[in-house]
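Colleague: Return a 3D structure for these sequence lines:
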Amino acid sequence: MLKIAFIQKRAYETVSIMVLSAILKQKGYHTEVFIADLEEDLYKSTLNFNPDIVAYSLYIGEENFALRTFQRIKELAPGLITIMGGPLFLVSEEIFKDKSIDIMIKGDGENNLPEVIER
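Modeller: All right, here's what the predicted structure looks like:
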């Protein structure tokens, strides 16, 4: 069973992550959310989960945090697959240039993310 770790920066209810996690759980995947503001060591907690995939739903204002997080994750676990999606892709070309992101999802994640993971 694949394990997907969602990362979010702040401690608030993120509907997109809740929906994506629920959909993936219905398909038999194990998901967990790691919140930077609540974790003593975000990277240790995330990697101790032993995920196959780390995902981030990007919102405006979180670009630098998200990229630094994925870059550090790739340093610690180079083979880990990283996926990023969310509304920011509509306005930021810089995200497309970053090598720490393996897969970028544009559009409705609830349809696209399960299909990408199944492949």
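
Colleague: Report the residue spans of the protein with pLDDT below the cut-off.
Modeller: 87-94 (pLDDT under 70).

Colleague: And the strands in it?
Modeller: Using DSSP state E, the strands of the chain run over residues 3-8, 30-35, 53-57, 81-85, 103-105.

Colleague: Reformat these as CSV; add mean neighbour count and distance to Arg72.
Modeller: Yep, even glycine has a C-beta here, placed from its N, CA and C like the rest. Below are the strands of the chain laid out as CSV (neighbours: other CB atoms under 10 Å; distance: least, CB to CB, whole Å):
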stretch, mean neighbour count, distance to Arg72
strand 3-8, 23, 11
strand 30-35, 17, 13
strand 53-57, 24, 11
strand 81-85, 22, 11
strand 103-105, 17, 18
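
Colleague: just so I know, which of those strands lies nearest Met18?
Modeller: strand 30-35 (8.5 Å; CB to CB).

Colleague: returning to that earlier point: what would the strands of the chain look like in JSON lines with distance to Glu118?
Modeller: Formatted as JSON lines, the strands of the chain follow (distance: least, CB to CB, whole Å):
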{"stretch": "strand 3-8", "distance to Glu118": "12"}
{"stretch": "strand 30-35", "distance to Glu118": "15"}
{"stretch": "strand 53-57", "distance to Glu118": "12"}
{"stretch": "strand 81-85", "distance to Glu118": "13"}
{"stretch": "strand 103-105", "distance to Glu118": "13"}
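
Colleague: out of those, nearest to Arg119?
Modeller: strand 103-105 (9.8 Å).

Colleague: For Phe65, see how far away the spatially most central residue of the chain is.
Modeller: Centroid-nearest residue in the chain: Ala55, 1.4 Å away (criterion: CA atoms, centre = their mean). Ala55 sits 15 Å away from Phe65, going by CB to CB, to the nearest Å.
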